[in-house]
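Undergrad: No sequence on hand, only this structure:
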């Protein structure tokens, strides 16, 4: 049973914003989901995947003039550890950091700002583009959590590629790996 004292926040800015990905595909339960912004960070969509499938994924980089929007999920440490495992933190695919997030709706009950865990990466390949399928997850998550229409429009304007045959073939294997086992 999760208590308030073992609760953490995870900031999702990519496909994990979408409940169908975070709860469905990953099997992660959360106690709260809050639309937030992280000042001083910029969203990039040029991160190469662990396996070369010809498309890119999201990461954020420091940028004092920018902010990235996303979803802060209230989770426990086991969920953070599962995210680390499935995103390749142990092998350098991403690094877990803490950053400050601010709720987009000022009336939210939590004091602002608060600290959230997230994943960053210095890996990039400007020649890669995110797939149409991947961007559909980001856009669905942004809309689901009420991110501003201007932000959703910027996501829609990002150049995409069609999902590669390699990515389609690997998805069932990746889905099994990403799914958090149910605990008793």
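TA: Perfect, thanks for sending it. Only a predicted model underlies this, so the values are computations on that prediction, with no experimental measurement involved.
Undergrad: Please count neighbours and contacts with C-alpha atoms only from this point.
TA: Fine.
Undergrad: And the helices in this protein, which stretches?
TA: Using DSSP state H, the helices found in the chain span residues 19, 77-86, 132-144, 149-156, 165-178.
Undergrad: what does the first one rub up against?
TA: So that's helix 19. For helix 19, contacts defined as CA atoms under 8 Å, 6 or more residues apart in numbering pick out residue 141.
Undergrad: same question for that helix, mean pLDDT?
TA: Average pLDDT, helix 19: 94.
Undergrad: ditto for the longest one
TA: The average pLDDT within helix 165-178 is 66.
Undergrad: buried ones in the longest strand along the chain?
TA: Using DSSP state E, we find that the single longest strand of the chain is strand 57-76. Using 16 or more other CA atoms under 10 Å as the test for burial, strand 57-76 gives 57-60, 67-76.
Undergrad: With stretch 85-99 instead?
TA: 86, 87, 89, 93, 94, 95, 96, 99.
Undergrad: want to throw those residues into a markdown table with pLDDT and distance to residue 162?
TA: Shown next, in a markdown table, are the buried residues of stretch 85-99 (pLDDT from 0 to 100; distance: CA to CA, whole Å):
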| residue | pLDDT | distance to residue 162 |
| --- | --- | --- |
| 86 | 85 | 24 |
| 87 | 89 | 22 |
| 89 | 94 | 27 |
| 93 | 94 | 23 |
| 94 | 96 | 24 |
| 95 | 97 | 28 |
| 96 | 97 | 29 |
| 99 | 97 | 33 |
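Undergrad: can you tell me which two in those residues are farthest apart?
TA: 86 and 99 (20.6 Å; CA to CA).
Undergrad: neighbours of the closest residue to residue 16 other than its chain neighbours, just the number please.
TA: Spatially, and ignoring its direct neighbours in sequence, residue 16 is nearest to residue 22 (4.9 Å; CA to CA, 6 or more residues apart in numbering). When counting by other CA atoms under 10 Å, one arrives at 21 neighbours for residue 22.
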